[in-house]
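Colleague: 3D model of this:
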Amino acid sequence: MILAIESSCDDSSISITKIETLELVFHKKISQELEHSIYGGVVPELAARLHIEALPKILEECKKYLKDLKAVAVTNAPGLSVTLTEGVAMAKAISIALNLPLIAVNHLKGHVHSLFIEKESLFPITVLLVSGGHTQIVEAKSLNDMQILARTLDDSFGESFDKVSKMLNLGYPGGPIIEKYAEHGDKNRFIFPIPLSQSPKIEFSYSGLKNAVRLKIDELERTTLNEQDIYDVCACFQKTAVEHILQKLRKLFKQNTIKDFAIVGGASANLFLRKELEDLCKKYGTTLHLSELKYCSDNAAMIGRVAIEQYKNGEFTTLEDLDIKTRLKDY
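Modeller: The predicted structure is shown next:
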């Protein structure tokens, strides 16, 4: 079995996966959403302190599996430096204590492999990754052959939901809150500009849309910003944010024949986005693949799934070479 650790942001998670059968025999995640909600976003130093408390508690539950481990894997990039450090430190300690090889895992490859938890991988596949930190389209031909076809120029899809939620004083994390409010809103009441709608390039941007929403909120607050106004702002923002993605994907689908397409990342749990992508893929005869909702956000199960492939390939690292990288230009 392989023990995997995930601490790239504000989720403390450990998993144990069988190498031969891909069976996930243990998986636990402790979320920090409540602790960070009062600040309207993730506070890195607080997240690191909470990892110090949570990770050992989860590891304590894994004791009966330790004798069967063949390796220990850990997310080492990308992410917040102070939180990545906690996971890497634990992985190194386990490696020394149990004399196990180390596997360094790219967190973004983890999201791609969230599609394959307890199942065989499927390549090639084109993947839309949408989260609080990333919005990108990835052409994944294999574990070690993944190319970014498009990415955001500024804010990510998930980040824009957090910021709009903060503008409306609705709380954190913004994604599920905005989605819930949007269910009661009129998505056609306000017209927000679709970012880069005139650009022939396949790339993303959310800063302009975020500003347009801010201006509309300011306008409404000068009169009366009532509950229905908030519902409608959320619905119109969500519709526009998703339409931006759909416009760029239509360009991609027209340029390329894509047999298999997937959406991953924390923001891929948005049901409105999922429904729109289902319709788009049906139109182009493309098979849509989705992660289970419980594996959309950061988790160690997806890190362990990548680690199995790296273990089979003999892709190990040493104590000295296992370091953290907060940013990655590619896969």
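
Colleague: burial count for Lys166?
Modeller: Neighbourhood size, Lys166 [other Cβ atoms under 10 Å]: 15. Bear in mind the C-beta positions are built from the backbone N, C-alpha and C, glycine included.

Colleague: Ok, Lys187 next?
Modeller: The burial count for Lys187: 17, using other Cβ under 10 Å.

Colleague: what's the spacing between it and Glu243?
Modeller: The spacing between Lys187 and Glu243, counted by Cβ to Cβ, to the nearest Å, is 10 Å.

Colleague: Also Glu320?
Modeller: From Glu320 to Glu243 the distance is 49 Å (Cβ to Cβ).

Colleague: Looking only at neighbour counts, state which of the two leads.
Modeller: For the pair Glu320 and Glu243, the greater number of neighbours falls to Glu243 (15 against 6), based on other Cβ under 10 Å.

Colleague: tell me which element that one falls in.
Modeller: Using DSSP states H and E, Glu243 falls within helix 227-255.

Colleague: report the angle between the axes of the next helix or strand after that helix and helix 227-255?
Modeller: Proceeding N to C from helix 227-255, the next assigned helix or strand is strand 260-264, under DSSP H and E. Relative orientation of strand 260-264 and helix 227-255, computed by axes from the mean of the first three to the mean of the last three Cα atoms, to 10 degrees: 150 degrees.

Colleague: Which neighbouring elements make contact with the helix holding Glu243?
Modeller: The criterion is 3 or more Cβ pairs under 8 Å, 6 or more residues apart in numbering; DSSP states H and E, and the helices and strands that helix 227-255 contacts are strand 125-130, strand 135-142, strand 145-151, helix 157-167, helix 174-182, helix 207-221, helix 271-283.

Colleague: Which residue ranges make up each domain of this protein?
Modeller: Domain ranges of the chain: 2-117+295-313, 125-290, per automatic domain parsing.

Colleague: Return the most buried member of these.
Modeller: Scoring these by mean neighbour count under mean count of other Cβ atoms under 10 Å gives domain 2-117+295-313 as the most buried, with a mean of 20.

Colleague: could you measure Cys296 against Thr224, distance?
Modeller: Computed as Cβ to Cβ, the Cys296 to Thr224 distance reads 36 Å.

Colleague: Quick check: closest non-adjacent residue to the residue nearest the centre of the chain.
Modeller: Among the residues of the chain, Gly265 comes closest to the average C-alpha position under Cα atoms, centre = their mean, at 2.8 Å. Computed as Cβ to Cβ, 6 or more residues apart in numbering, the closest residue to Gly265 that is not its neighbour in sequence is Ser131, at 3.7 Å.

Colleague: swap in Glu33?
Modeller: Of all residues not flanking Glu33 in the chain, Pro173 sits nearest, at 5.9 Å (Cβ to Cβ, 6+ apart).

Colleague: Now do the same contact list for the one you found.
Modeller: 33, 37, 132, 161-162, 165 (Cβ atoms under 8 Å, 6 or more residues apart in numbering).

Colleague: 10 Å - rerun?
Modeller: Contacts for Pro173 (Cβ atoms under 10 Å, 6 or more residues apart in numbering) come out as 10, 31, 33, 36-37, 40-42, 132, 158, 161-162, 165, 266-267, 297.

Colleague: what's the helix or strand for the most far-flung residue of the chain relative to its centre?
Modeller: For the chain, the largest distance from the centre (Cα atoms, centre = their mean) belongs to Thr223, which lies 37.6 Å off. Taking DSSP H and E as the definition, one finds Thr223 inside no helix or strand.

Colleague: again with Lys28
Modeller: According to DSSP H and E, Lys28 maps onto strand 24-31.

Colleague: Parallel or antiparallel, which strands does that strand pair with?
Modeller: According to DSSP bridges, strand 24-31 forms sheet pairs with strand 11-17 (antiparallel).

Colleague: Let me know the pLDDT of the residue nearest to Gly265.
Modeller: pLDDT for Ser131: 94.

Colleague: Gly158 now?
Modeller: If you check Gly158, the pLDDT there is 96.

Colleague: one step back: list residues touching both of Lys187 and Glu243?
Modeller: Joint contacts of Lys187 and Glu243 (Cβ under 10 Å, 6+ apart) do not exist.

Colleague: Other residues contacting the lowest-mean-pLDDT helix or strand in the chain?
Modeller: Taking mean pLDDT, DSSP states H and E as the measure, the chain has helix 33-37 as its least confident helix or strand, at a mean of 91. Around helix 33-37, the neighbours that count as contacts under Cβ under 10 Å, 6+ apart are 9-11, 42-43, 46-47, 49-50, 171-173, 176, 297.

Colleague: which ones are touching the nearest residue to Glu61 once chain neighbours are set aside?
Modeller: Once flanking residues are discounted, Glu61 sits nearest to Lys28: 6.6 Å by Cβ to Cβ, 6+ apart. Lys28 sits next to 12-16, 54, 57-59, 61-62, 299-301 when contact means Cβ under 10 Å, 6+ apart.

Colleague: Alright, that wraps it up for me.
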